[in-house]
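In: Based on what follows, work out the 3D shape:
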Amino acid sequence: MVETLDDILRKALEYHGSDVFVVPGSHIMTKSHGKMIPISEEKALPNDIAVLVGRAYELARREQDTLINEGDDDFSFAVRDLSRFRCNTYRQRGSLAMTCRVVAFGVPDPKTYNIPDVVMRLADLRSGMVLVTGPAGNGKSTTLACLVDQINATRSGHIITIEDPIEYLHPHKQCIVSQREVPGDASSFARALRAALRQAPDVIMLGEMRDIETISTAITAAETGHLLLSSLHTLGAAKTIDRVIDAFPANQQNQIRAQLSMVLRAVVSQRLILTKDGTLHPVFEVMCVNPAIQNLIREGKTHQIDNAIFGGGADMLSMDTELAKLLRDGKIDKEQASLYAIHPETVERQARFMKN
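Out: Next up is the predicted model:
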């Protein structure tokens, strides 16, 4: 019999793990600084995992109906004096499995997570749409939480967050914060977002734009004077814009391009890069929408956006330039830089001629 879920999660935190993997036939593993480390002496059997999954639902005070009926489920729970966890339970090969992501108590500090000032200044915006993008597990939720907390601390208003599941708990500061979880508090993102427009919000943080209905309502919310923050599983501003537009039928795409060019304020893309010393370092691309980029979006010339970011000045960050700085400083090697670069052939040259 493997340890209790509480002991497993405690052990993962001792290893500074970011995720815990509970899969039949394998040792229970945690991912720490990009490496998988076994944290159970025995391999997990299906009966053991059923007990661990049951404990997760007990901590979340949640029934297993969604898991039973749909085959997977997302939720969050907290372990007293330990941490909060985002959990996904699922069936695989006829038995249960589970992944838990560690989410610290309290709201993250942007300096601790190396979030640059140009990103945090987006919290000063009063309307429009800001998208935070990147692959799963690369810190999008943390960046969004930092922006929400900055707004909460610096101005008065009503912030509504719509999440699946809720990760960071935001106390009321200068703002009132309403946090809704899908599906516990609302049946879908689209429904919760439509309702939010009737709840007098100043800022809406939408955990993810998953479908055409949600994207369409989000654009409407941004058009009507709200600040809307959301995320997408894309990498790079150009691909993000294409993803939003391609979600719509061909006969609507010109209209969406025009709307998006007017409401989009910024796209932040981020990756976590494993450095030579074994730590994870975030690398950001930031595109702030100016008149030139508005025209590129409206005219469907998104392939030119990378050049506009590179030459865009102080409000822009190029991911390739940020990678070149890490390469110049010896924090990553050429292979790492090439792996994550948009234009690998230029990063090494850029690093060579870059001043300290």
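In: could you check the distance from A97 over to C87?
Out: The gap separating A97 from C87 is 11 Å, by Cβ to Cβ, to the nearest Å. Backbone N, C-alpha and C define where each C-beta goes, glycine included.
In: now do N114
Out: For N114, the distance to C87 - Cβ to Cβ - is 27 Å.
In: Between these two, which is the more surrounded one?
Out: Neighbours per residue (other Cβ atoms under 10 Å) separate N114 from C87, with C87 holding more: 23 against 12.
In: and the closest residue in space to that one that isn't next to it in sequence, what is it in contact with?
Out: Among residues not flanking C87 along the chain, C100 sits closest, at 4.9 Å (Cβ to Cβ, 6 or more residues apart in numbering). Taking Cβ atoms under 8 Å, 6 or more residues apart in numbering as the contact definition, C100 lies against 9, 12, 19-20, 22, 56, 85-87.
In: which secondary structure element contains C100?
Out: According to DSSP states H and E, C100 maps onto strand 95-103.
In: Distance to D149, secondary structure and pLDDT added to the contacts of C100, as TSV?
Out: Formatted as TSV, those follow (distance: Cβ to Cβ, whole Å; DSSP: H, G, I helix; E, B strand; the rest coil; pLDDT from 0 to 100):
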residue	distance to D149	secondary structure	pLDDT
L9	25	helix	96
A12	25	helix	95
D19	23	strand	94
V20	26	strand	97
V22	31	strand	97
A56	27	helix	97
F85	20	strand	93
R86	18	strand	91
C87	23	strand	94
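In: give me every residue that touches the residue nearest to the spatial centre of the chain.
Out: The centroid of the chain falls nearest to K140 when counting by Cα atoms, centre = their mean (2.3 Å). Listed by Cβ under 8 Å, 6+ apart, the contact partners of K140 are 132-134, 231, 270.
In: Next, it: phi, psi?
Out: Dihedral pair for K140: phi -60, psi -50, per degrees, to the nearest 10.
In: Check the gap between it and A56 for me.
Out: The spacing between K140 and A56, counted by Cβ to Cβ, is 23 Å.
In: Out of the contacts of K140, grab the one that's most surrounded.
Out: Busiest of the contacts of K140 [other Cβ under 10 Å] is V132, holding 27 neighbours.
In: Remind me what the host helix or strand of that one packs against, helices and strands.
Out: When elements are assigned from DSSP H and E, V132 belongs to strand 128-133. With contacts taken as 3 or more Cβ pairs under 8 Å, 6 or more residues apart in numbering; DSSP states H and E, strand 128-133 sits against helix 140-154, helix 212-223, strand 227-232, helix 253-263, strand 264-274.
In: how about the second one: buried residues?
Out: Buried residues in helix 212-223, counting neighbours by 16 or more other Cβ atoms under 10 Å, are found at 213-222.
In: try the first one
Out: Going by neighbour count (16+ other Cβ under 10 Å), the buried part of helix 140-154 is 140-152.
In: Output those as TSV; include the columns pLDDT.
Out: What follows is the buried residues of helix 140-154, written out as TSV (pLDDT from 0 to 100):
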residue	pLDDT
K140	94
S141	92
T142	93
T143	96
L144	97
A145	96
C146	97
L147	98
V148	97
D149	97
Q150	97
I151	98
N152	97
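In: For R210, see how far away the residue nearest to C87 is.
Out: 22 Å.
In: swap in S187?
Out: In this view, S187 and R210 are 13 Å apart by Cβ to Cβ.
In: what lines up beside the strand holding C100 in the sheet?
Out: The partner list of strand 95-103 in its sheet, established with DSSP bridges, is strand 19-22 (antiparallel), strand 83-92 (antiparallel).
In: Just say which of these is most tucked in.
Out: Among these, ranked by average contacts under mean count of other Cβ atoms under 10 Å, first place goes to strand 19-22 (a mean of 22).
In: what does that strand rub up against?
Out: Outside strand 19-22, the residues touching it (Cβ under 8 Å, 6+ apart) are 8-9, 12, 28-31, 36, 39, 44, 49, 52-53, 85, 97-102, 137.
In: Of those residues, just the buried ones, PyMOL syntax please.
Out: A single PyMOL command is used to select the members of these judged buried by 16+ other Cβ under 10 Å:
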select buried, resi 8+9+12+28+29+30+31+39+44+49+52+53+85+97+98+99+100+101+102
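In: residue ranges of the helices in this structure, please?
Out: 5-14, 46-60, 65-70, 117-120, 140-154, 189-196, 212-223, 237-246, 253-263, 291-298, 305-310, 319-328, 334-340, 344-353 (DSSP state H).
In: The third one packs against which elements?
Out: I take that to be helix 65-70. strand 72-79, strand 83-92.
In: Distance of V286 relative to H303?
Out: From V286 across to H303, the span is 19 Å (Cβ to Cβ).
In: er, K31 actually
Out: K31 is 35 Å from H303, by Cβ to Cβ.
In: that older thread, quick check: the farthest pair among the contacts of K140?
Out: Greatest spatial distance in the contacts of K140: S231 and Q270, 10.2 Å, computed using Cβ to Cβ.
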